[in-house]
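**Student:** How does the following fold in three dimensions:
(chains A and B)
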Number of protein chains: 2
Amino acid sequence: MSDFVFITGNQHKADYLAKWLGQEVKHQKIDLVEIQSLDLHTVVENKARRAYDLVQRPVLVEDVALTFHALGHLPGPLVKWFLEEIGTEGLCKLLRPFEDKRATASIMYGLFDGKVLHTFEAHVEGIVADQPRSLDSLEWKNSLSWNSVFIPNGTTKTYAEMTDDELKPFSHRAKAIAKLQAYLHSQQ
Amino acid sequence: MSDFVFITGNQHKADYLAKWLGQEVKHQKIDLVEIQSLDLHTVVENKARRAYDLVQRPVLVEDVALTFHALGHLPGPLVKWFLEEIGTEGLCKLLRPFEDKRATASIMYGLFDGKVLHTFEAHVEGIVADQPRSLDSLEWKNSLSWNSVFIPNGTTKTYAEMTDDELKPFSHRAKAIAKLQAYLHSQQ
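**Tutor:** Okay, the predicted model is just below:
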């Protein structure tokens, strides 16, 4: 199972995975249709099966969710549509009528060999910033990403204001990759 | 093509279709997975193909969208998730930070015989009410429906405050059904 291909069109996601996993990662861009659901597992399982059908070898897929406690399970895995439509400023503005600014950043990786799906997930609690904040030097983080609006508990910085070294202990992505790494090592 | 089965689990939708189409309508409940998209045509086309694969005869499917102009194309076809998570009160509250209360109610029917997809859509412009309002006697309209928050242009009532006779001239559903009806008649 260590010979998987990571299905992503996002070079940064591939870079983070290789860096925090401590190994090279093959990756391939395939635009997978995603099903409507607020449940990350449902979305990831469906993506994994579609990706496997297309490449016919073990695949790793991933999906993220940003959940605002004031909005039930929204935006959840649908956050990408929110970003496209209202951007990071809009995400902050949505919460203005609500006292509760708590949010959960979630990620799930799915490793699928055509038979068994293994998932590796992590959740980080935090709050939503009043407005987007990011380091100018990390311009990709500013774009279509909610990194600039999420402040994990235990710090006052948004994800997008942190260097990679600062980010790692707070990162939902790093935590899930650590679980994936432990699994891959156990299989060697 | 007039011998189609309408795929819905919602008896009210089947009733309205039969009433405004002026003919009996066979209907069948199948819970179809929907794909993530803010484009109604994309969602309907996918639903139609999945439904046809399952029942192997001409199918009619439908999807609706409620678009808040202040939020780009949101909630759009994803409005069902918004309703589940924050309800009709939440829908109204979301718009509080925004001056622009305009909304568009959309619907698309898709008739698919396994080869050709015919779509029948309608859009009605209006605004979002400050809070949900509905007739007590129409209790089903209050539940998981945005009828109680949408006020079409040309009236001060929400859809859910109208009797069926009042509703018809303002209804996105009635307009789309009229297009479907014209098509069915043209095929006889």
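**Student:** Within range of chain B, give me the residues from chain A.
**Tutor:** Neighbours of chain B within chain A, by CB under 8 Å from any CB of the partner chain: A:33-36, A:38, A:46, A:71-74, A:76-78, A:81-82, A:84-86, A:90, A:93-94, A:96-98. All C-beta atoms are positioned from the backbone trio N, CA, C, and that covers glycine.
**Student:** Can you list the low-confidence ranges for chain A?
**Tutor:** A:1-2, A:136-144 (pLDDT under 70).
**Student:** Separate out the buried members of the residues of chain A next to chain B.
**Tutor:** Applying a neighbour-count criterion of 16 or more other CB atoms under 10 Å in any protein chain shown, the buried members of the residues of chain A next to chain B are A:34-36, A:38, A:46, A:71-74, A:76-78, A:81-82, A:85-86, A:90, A:93-94, A:98.
**Student:** So which of the residues of chain A next to chain B are in strands?
**Tutor:** Among the residues of chain A next to chain B, the members found in strands (DSSP state E) are residue A:76.
**Student:** Run through the strands of chain A in chain order.
**Tutor:** Going by DSSP E, chain A shows strands at A:5-7, A:26-28, A:59-68, A:75-76, A:102-112, A:117-128, A:150-152.
**Student:** Tabulate these (TSV), appending distance to residue B:106.
**Tutor:** Shown next, in TSV, are those (distance: least, CB to CB, whole Å):
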stretch	distance to residue B:106
strand A:5-7	32
strand A:26-28	36
strand A:59-68	25
strand A:75-76	21
strand A:102-112	30
strand A:117-128	29
strand A:150-152	32
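**Student:** Return the residues in contact with residue A:38.
**Tutor:** Residue A:38 makes contact with A:65, A:73, A:74, A:76, A:77, A:78, B:81, B:84, B:85, according to CB atoms under 8 Å, 6 or more residues apart in numbering or on different chains.
**Student:** of those residues, closest to residue B:18?
**Tutor:** Checking the contacts of residue A:38 against residue B:18 by CB to CB gives residue B:84 as the nearest, at 27.1 Å.
**Student:** Could you report the distance from that closest one to residue B:31?
**Tutor:** For residue B:84, the distance to residue B:31 (CB to CB, to the nearest Å) stands at 14 Å.
**Student:** can you check residue A:49 too?
**Tutor:** Distance from residue A:49 to residue B:31, by CB to CB: 18 Å.
**Student:** again, but for residue A:104
**Tutor:** 27 Å.
**Student:** So if I had to pick from these two, which one is more boxed in?
**Tutor:** residue A:104 (18 against 7; other CB atoms under 10 Å in any protein chain shown).
**Student:** From residue A:113, how far out is the more buried one?
**Tutor:** Counting by CB to CB, the gap from residue A:104 to residue A:113 is 29 Å.
**Student:** what's across from the most centrally placed residue in chain A in the sheet?
**Tutor:** Closest to where the C-alpha atoms of chain A average out (CA atoms, centre = their mean) is residue A:64, at 3.4 Å. In this entry, residue A:64 is beta-bridged to residue A:107, by DSSP bridges.
**Student:** Identify the residues contacting it.
**Tutor:** Per CB under 8 Å, 6+ apart, neighbours of residue A:64: A:40, A:77, A:79, A:105, A:106, A:107, A:108, A:172, A:173.
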